[in-house]
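In: here is the input, now give the coordinates:
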Amino acid sequence: MDAAKYIWMNGEFKAWVDAQTHVLSHTLHYGNGVIEGTKAYKTEKGYAIFRLNDHTKRLKESAKMTIMDIPFSVEELNEAQVELLRKNEFTGDNVYLRPFAFLGYGVMGVYHKDAPVVTAIAAWEWGAYLGEEGMRKGIKLKISSISRPANTSNMGKAKATANYLNSQMAKYEAIDCGYDEALLLDDQGYVAEASGASFFMVKNGKLITPPNDNSLESITQKTVIEMAEDMGIIVERRRITREEVYIADEAFLTGTAAEITPIRIVDAREIGCGSRGEMTQKIQSAYFDIVFGRNKKYEHYLTYIN
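Out: Just a heads-up that it's a prediction; the model follows:
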């Protein structure tokens with residue numbers, strides 16, 4: 001990771017190396033923290049953050065789910081992200097922003113309500129999450145032996161740090177087996193999501209993606225559904241079995257970091273033509289037109305950094 005100049009922390013801009021916390025911070029020991037992933041793209045008008053308000057609102061909602069009081073409003077956090085981009089004077093094509101909140105130093109033990117809340121925002125230049133070649137030709141996906149926890153034992157709709165141990169183990173397994181990414185099933189054997197992205201497949205001209213029964217309500221997933229419907233593509237939200245994935249005509253992942261990443265192989269089965277499919281390429285191209293400010297219809301999703 002390339003260091004930037006500043007990190008915003010509890011209302012102040014600190015030098016990157018000075019934004020630190022104590023080793024006895026509560027979240028390090030018990031896992032209750034919430035995060036967001038937001039992205040800014042360099043448009044003809046300068047940097048623009050994509051769906052800023054939606055991401056910040058989701059951060060606050062995740063914190064509410066996990067009983068953590070972030071002492072800043074959505075508006076204050078939005079402005080902090082805008083100002084952080086200004087102060088860091090980035091030059092690359094895109095910048096990843098990581099707003100997050102965690103429980104700091106002062107309380108030990110499982111009961112967390114009295115622990116102080118630390119709120120921070122970092123930003124750095126970050127290339128293609130799953131590689132530039134993967135964006136063009138597609139990645140290899142492994143269905144993990146690790147499943148997404150049931151709703152009775154986890155808060156899948158909270159973008160909580162504790163949830164990502166599940167993702168880490170699945171991703172490690174996939175890479176260790178020679179794949180690029182993991183796809184997790186839910187406790188009933190239906191597709192949930194990838195380790196950090198949503199799943200889409202194409203079959204007989206229809207775009208199919210699973211419901212968010214026990215997974216994060218993805219902002220990029222919502223965007224792709226809206227785009228596809230505007231393009232006249234039929235979209236189905238329904239459960240997907242492992243076997244259906246194997247015989248899909250096309251498949252791809254979506255997310256702030258993953259953007260639109262094609263899938264060429266799942267569990268040694270070639271998907272469609274074994275490369276980026278026609279509909280995937282069409283959606284990928286349309287998505288980049290939106291985030292880079294080339295589609296006026298979707299410009300309301302962009303917050304420009306003036």
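In: next secondary structure after the least confident helix or strand in the chain by mean pLDDT?
Out: Within the chain, no helix or strand scores below helix 132-137, which has a mean of 86 by mean pLDDT, DSSP states H and E. Using DSSP states H and E, the next helix or strand after helix 132-137 towards the C-terminus is strand 139-143.
In: in terms of secondary structure, what does that next one contact?
Out: Under the contact criterion of 3 or more CB pairs under 8 Å, 6 or more residues apart in numbering; DSSP states H and E, strand 139-143 touches helix 164-176, strand 181-185, strand 250-255, strand 259-266. (Each C-beta comes from the backbone N, C-alpha and C, glycine too.)
In: tell me how far it lies from the chain's centre.
Out: Remark: strand 139-143 is offset 18 Å from the chain centroid, using CA atoms, centre = their mean, to the nearest Å.
In: list the residues that contact the nearest residue to Asp54 once chain neighbours are set aside.
Out: Distances taken as CB to CB, 6 or more residues apart in numbering put Ile219 closest to Asp54, at 5.1 Å, once the chain neighbours are dropped. Ile219 makes contacts with Arg51, Asp54, His55, Arg58, Thr256, as judged by CB atoms under 8 Å, 6 or more residues apart in numbering.
In: so the last one sits against Lys39, correct?
Out: Meaning Thr256. Yes - at 5.1 Å, Thr256 counts as touching Lys39 under the criterion of CB atoms under 8 Å.
In: what's the overlap in contacts for these two?
Out: Common neighbours of Thr256 and Lys39 (CB under 8 Å, 6+ apart) are Phe50, Tyr96.
In: where's Arg136 relative to Arg276, distance?
Out: 7 Å (CB to CB, to the nearest Å).
In: can you list residues touching both of these two?
Out: With CB under 8 Å, 6+ apart, Arg136 and Arg276 have common neighbours Pro262.
In: ok, these two, which is more surrounded?
Out: Arg276 (22 against 14; other CB atoms under 10 Å).
In: Ala286 versus that one, what's the distance?
Out: Taking CB to CB, one finds Arg276 at 14 Å from Ala286.
In: start to end distance for stretch 244-251?
Out: Using CA to CA, to the nearest Å, the span of stretch 244-251 from its first residue to its last is 11 Å.
In: give me the contacts around that stretch.
Out: Contacts of stretch 244-251 (CB under 8 Å, 6+ apart): 141, 143, 183, 191, 199-204, 262-263, 266-267, 269, 271-272, 277-280.
In: what ranges do the strands span in the stretch 1-150 of the chain?
Out: 6-9, 12-15, 33-35, 38-43, 46-50, 94-103, 117-125, 139-143 (DSSP state E, counting those that start in this stretch).
In: now render the ones you listed as JSON lines, adding mean pLDDT and distance to Thr27.
Out: Output for those, formatted as JSON lines (pLDDT from 0 to 100; distance: least, CB to CB, whole Å):
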{"stretch": "strand 6-9", "mean pLDDT": "98", "distance to Thr27": "14"}
{"stretch": "strand 12-15", "mean pLDDT": "98", "distance to Thr27": "19"}
{"stretch": "strand 33-35", "mean pLDDT": "98", "distance to Thr27": "4"}
{"stretch": "strand 38-43", "mean pLDDT": "97", "distance to Thr27": "20"}
{"stretch": "strand 46-50", "mean pLDDT": "97", "distance to Thr27": "26"}
{"stretch": "strand 94-103", "mean pLDDT": "97", "distance to Thr27": "4"}
{"stretch": "strand 117-125", "mean pLDDT": "97", "distance to Thr27": "8"}
{"stretch": "strand 139-143", "mean pLDDT": "98", "distance to Thr27": "30"}
